[in-house]
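**Student:** Give me a 3D structure for the following:
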Amino acid sequence: MRLFVLAFGLFFGAATFALAQADSSTFYIRVFGTPDVTPPSTPTLTSVTPVSTDQIDVVWTASTDDRGVSGYSLSRDGVPVATTTLTSYSDSGLSASTTYAYVVRAFDAAFNYSSTSNSLSTTTFAVPPPTPTSTPGSASGNTGGGVARVVLDELSITSDYTSAVFAITTARPARFEIRWGRTASYELGYVATNNYLSNYLTTLTDLEPGTTYEYELIGYTPFGIASVLKQGRFTTKMPTLESTPQNISRFSALASDDDAVLAWTNPPASDFAYVRIVRSHLGFPAHPQDGAIIYQGTGEGVTDYDVLRQYSPIYYTAFVYDSDGNVSSGAVALVYAVSEDSQIDQPSTLPPALSEPGIVLPPFPTLPNPPERTLPDTRMPELFEITLSQEARTFSFIDTDIVLDEERPFVISIPIEAVAKNLKSIIVTLTDPTDNRKAYSFLLRINKDGTAYEAVIAPLKVTGASQIKIRIYDYEAFVVGKYDKNITFVTVEPKPTSARAVFPDIFFSTPLLYGLFGALILLLFLFFFFLRRRDEDKKREVR
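**Tutor:** Below is the predicted model of the structure:
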């Protein structure tokens, strides 16, 4: 009975406590650890320096915090103007001959702010600039305002395949402008700074590989006085072939709504590793980093989704990597967006055989029809300088009959000295012997030795008449060189390798062997004749 009363009491007490908790609006939360309530230490403004009529440079000391400082808030005349993780700031867009006061505060990740720093004030330069107080030839004046021109301390240019980095150092803060182009007109563009800096770093992009550019560096003093600091040239790197892996074959790009459907055939080489497909809307990518990588692997097809919704045409280059990391010259394909109202004119029947004289093929569907122009002073290859090599055989475009084995790769080569260096790219196109409406195109790139532009073409493994078209483009995508050549792919029968049996009747196959055999019979006859005579002489002596 006592146990029953005790159990009932415990149950009743627990139920009463639960009901009380359900009706109560008070909740108890247990916190493990302590919240961050400690603000960072107070930074100290060390300098506020006017560098022009509209810019003041502010510098302060770093703060500390028990859990780390997240940044600084800078105020000008009591109004926040910048938030930064640095300990300096260039405040621009100010008025001339105006005094400004600055303070700074530090904050941490929990947005605990330090107390306000000391306040420093300064005045921007006046317009027009004050009279220099320095002696003639000196680079300094009062507060730096009397600088007559920008003095360049150091300039370094580091170029890559499609970019160039300019690192500039001057004696005093200045504003910079860089202009560049392929000629002294600097027609391609310019970059300029908004702030006045003593050290400036900028990158020029969208350059062409292996191209020489003219540049001009201009410096502006804080009072707008401009001077040319440097004029010169720089050259971007040219991608080279470490070796000559075979390219993929039958590379095509077809539009399907807003998608681009790519297909190809991997080379049969034993050292084949993978294919990388690179995309650009500016032109055919010249090297594996020159564009967006949309595929890398050992497959033979990929779909580039929704790419034609934004750009048309789209340029693709496929690079083959071998097991040693070498890269092929690149196979190229082009695709346009196709609207519902547009019509593509495809020939309904195959054109006549290419071996017939005077045949003109329709435009290749994989390449556009670019504008053409002539450059009379530009070095172009002669026909004998364009060669096709397959194993021990070598042909040139001056040969009348070029016959290649359809089972083996071949190399297209042009000496590097035969092409002017200011040209952009060389593209070779091969028609399909089974359907001359289809064509496959490849880039020619400089080989490892730097002696020639080359491409290794994988075998198509079909026989028939074909044609090779070579187009040389300048930097404005104009065709400045055209070369066409008919070729034929055939099946070459392998030579027998089995050993030939030698039979006795071979000795009778020629008069010489026949005579030698007769002389041997005669010698044997004479030998036995003398043996017999000797035996007869011995018998006579015995008698």
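**Student:** C-alpha from now on. contacts and neighbour counts both.
**Tutor:** Noted.
**Student:** And the helices in this structure?
**Tutor:** Along the chain, counting by DSSP state H, helices occupy 2-23, 511-542.
**Student:** Distance check, R393 against I402.
**Tutor:** Distance of R393 to I402, given as CA to CA, to the nearest Å: 10 Å.
**Student:** Compare neighbour counts for those two and give me the winner.
**Tutor:** More crowded of R393 and I402, by other CA atoms under 10 Å: I402, with 16 against 10.
**Student:** which residues touch the more buried one?
**Tutor:** By CA atoms under 8 Å, 6 or more residues apart in numbering, the residues touching I402 are F395, N486, I487, T488.
**Student:** Any idea which of the helices of the chain has the lowest pLDDT on average?
**Tutor:** Ranked by mean pLDDT, the helices of the chain bottom out at helix 2-23, which scores a mean of 46.
**Student:** L155 and Y102, how far apart?
**Tutor:** Distance, L155 to Y102, by CA to CA: 33 Å.
**Student:** before we move on, back to that, I'd like the contacts of I402 laid out as CSV, including pLDDT, distance to S441 and neighbour count.
**Tutor:** What follows is the contacts of I402, written out as CSV (pLDDT from 0 to 100; distance: CA to CA, whole Å; neighbours: other CA atoms under 10 Å):
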residue, pLDDT, distance to S441, neighbour count
F395, 94, 20, 19
N486, 93, 16, 21
I487, 94, 16, 22
T488, 93, 17, 18
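**Student:** Dump those residues into TSV; add distance to A452 as well.
**Tutor:** Converted to TSV, the contacts of I402 look like this (distance: CA to CA, whole Å):
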residue	distance to A452
F395	16
N486	22
I487	22
T488	24
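**Student:** from the residues you listed, which single one is nearest T203?
**Tutor:** When the contacts of I402 are compared for distance to T203 (CA to CA), F395 comes out closest, at 44.8 Å.
**Student:** Surely that closest one is in contact with T387?
**Tutor:** Yes: the pair F395 / T387 is scored as a contact, 5.5 Å apart, by CA atoms under 8 Å.
**Student:** Name the nearest of the contacts of I402 relative to P415.
**Tutor:** Among the contacts of I402, F395 lies closest to P415 (CA to CA), at 14.3 Å.
**Student:** Okay, and the beta partners of the closest one?
**Tutor:** L388 (DSSP bridges).
**Student:** Quick check: it vs V456, distance?
**Tutor:** Between F395 and V456 the computed distance is 15 Å (CA to CA).
**Student:** May I ask which helix or strand of the chain has the lowest mean pLDDT?
**Tutor:** helix 2-23 (a mean of 46; mean pLDDT, DSSP states H and E).
**Student:** For stretch 218-234, C-alpha coordinates in CSV please.
**Tutor:** Only the C-alpha atoms of stretch 218-234 are listed here, as CSV (Å, rounded to 0.1, in the frame of the first residue of the first chain):
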residue,chain,number,x,y,z
ILE,A,218,52.0,58.2,-69.1
GLY,A,219,52.3,59.6,-65.6
TYR,A,220,50.2,62.5,-64.2
THR,A,221,51.3,64.6,-61.3
PRO,A,222,48.7,65.5,-58.6
PHE,A,223,48.1,68.7,-60.5
GLY,A,224,47.3,67.0,-63.8
ILE,A,225,50.7,67.6,-65.5
ALA,A,226,51.2,64.7,-67.9
SER,A,227,54.5,63.3,-69.1
VAL,A,228,55.5,60.2,-71.1
LEU,A,229,57.5,57.9,-68.7
LYS,A,230,58.3,55.1,-71.1
GLN,A,231,57.7,53.8,-74.6
GLY,A,232,58.7,50.4,-75.8
ARG,A,233,57.7,46.9,-76.9
PHE,A,234,56.8,43.6,-75.3
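**Student:** Mind listing what's buried along it?
**Tutor:** Residues I218, G219, Y220, T221, P222, F223, A226, S227, V228, L229 are the ones in stretch 218-234 that count as buried (16 or more other CA atoms under 10 Å).
**Student:** Surely the third one and A148 touch.
**Tutor:** No: no contact is recorded between Y220 and A148 when judged using CA under 8 Å, the distance being 9.9 Å.
**Student:** quick one, which of L155 and Y102 is more surrounded?
**Tutor:** Neighbours per residue, other CA under 10 Å: of L155 and Y102, the larger number sits with Y102, 22 against 15.
**Student:** Quick one: residues contacting the more buried one.
**Tutor:** Counting by CA under 8 Å, 6+ apart, Y102 has contacts V48, L74, S75, R76, D77, G78, S119, L120, S121.
**Student:** Among those, which one lies nearest to A174?
**Tutor:** Using CA to CA, V48 is the member of the contacts of Y102 that lies nearest A174, at 16.7 Å.
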